[in-house]
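J.: Mind folding the following:
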Amino acid sequence: MAVKSLSVFCVLVAAGMAPVHGQVPSDTPAGLQSLAAVRSAAEGALRRQIDPQLGGVTLKAAALDARLRLAACPTALQTFAQPPRGNQARAVVRVSCSGGATWTLNVPVEIRRELDVLVLKRAVTRGEILGAADVVAQKRQVASLSSPYVGRVADLAGRPTRRPLPEGTPVTAESLSAALLIKRGQTVTLTASTAGFEVRAPGRALADASASQRLRVQNLDSLKVVEGVAESDGVVRVSP
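T.: Residues are numbered from 1 along each chain as shown. Now for the predicted structure:
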């Protein structure tokens, strides 16, 4: 048993650690690395990889095992962090010491961001186009840098709801369709290219359509019903 205990002790010392007996005191004993400093270094490293223009970002390093003993680093802690993706809720930062004591820790850091999101003031049905009177801005915390929520009234313009939504629902980009360029019954301009010339004719849309979406239209000159693609606001391109 004595030989086995000595072997474990040697492994810990070689890793820059000391053996543990009982709980770690709240203050860091002499000769040991402050775990709070390790966590702070990880948060700072990740913070430097995030665009400072992004507001409301909170980073929180995971709690480290209180029994962990690391030899105090006589030099500044070294860190390595990759820039997080927009939808990433957690990143791992490498914190290490290479002066005197040699050790490396991978520290998970949670990413949170507080944003203004638009919340429905009333229940809505499928196909409704929302406006400022239908929503109220509220603070919400999301687990990433990017947000699935719509935060500006301007981003609602012309975008019908995909499905019914109850009162109090935060509006997400996924819950809205693309803005309509053409509305059913609207008078539109039909365009077609042939032999190097572009031909135009008046028409009437027989369905709603967003950008690049196909729809049926009626040529008001010939009364013929054809299919085209919504090209821009009020313009449908048809095949000759």
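J.: Tell me, domain by domain, which residues of the chain belong where.
T.: 28-112, 114-175, 180-238 (automatic domain parsing).
J.: For these, give me JSON lines that also has mean neighbour count and mean pLDDT.
T.: All C-beta atoms are positioned from the backbone trio N, CA, C, and that covers glycine. Formatted as JSON lines, the domains of the chain follow (neighbours: other CB atoms under 10 Å; pLDDT from 0 to 100):
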{"stretch": "domain 28-112", "mean neighbour count": "15", "mean pLDDT": "94"}
{"stretch": "domain 114-175", "mean neighbour count": "15", "mean pLDDT": "93"}
{"stretch": "domain 180-238", "mean neighbour count": "15", "mean pLDDT": "91"}
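J.: residues in contact with the closest residue to residue 175 other than its chain neighbours?
T.: By the measure of CB to CB, 6 or more residues apart in numbering, the closest residue to residue 175 outside its immediate chain neighbours is residue 162, 5.7 Å from it. If you count contacts by CB atoms under 8 Å, 6 or more residues apart in numbering, residue 162 has them with 126, 174-177.
J.: can you rerun that using 10 Å?
T.: 126-127, 172, 174-177 (CB atoms under 10 Å, 6 or more residues apart in numbering).
J.: Same check on residue 119?
T.: Counting by CB under 10 Å, 6+ apart, residue 119 has contacts 134-138, 140, 149-150, 167-171.
J.: repeat that for 8 Å
T.: Counting by CB under 8 Å, 6+ apart, residue 119 has contacts 135-138, 168-171.
J.: Which helix or which strand is home to residue 42?
T.: Using DSSP states H and E, residue 42 sits within helix 35-47.
J.: One more: residue 118?
T.: strand 103-120.
J.: moving C-terminal of that strand, what's the next helix or strand?
T.: strand 135-142.
J.: Sheet-wise, list the partners of the helix or strand that that next one is followed by with their directions.
T.: Downstream of strand 135-142, the first helix or strand assigned by DSSP H and E is strand 180-182. Looking at strand 180-182 with DSSP bridges, its partner strands are strand 209-210 (antiparallel).
J.: No more questions from me, cheers.
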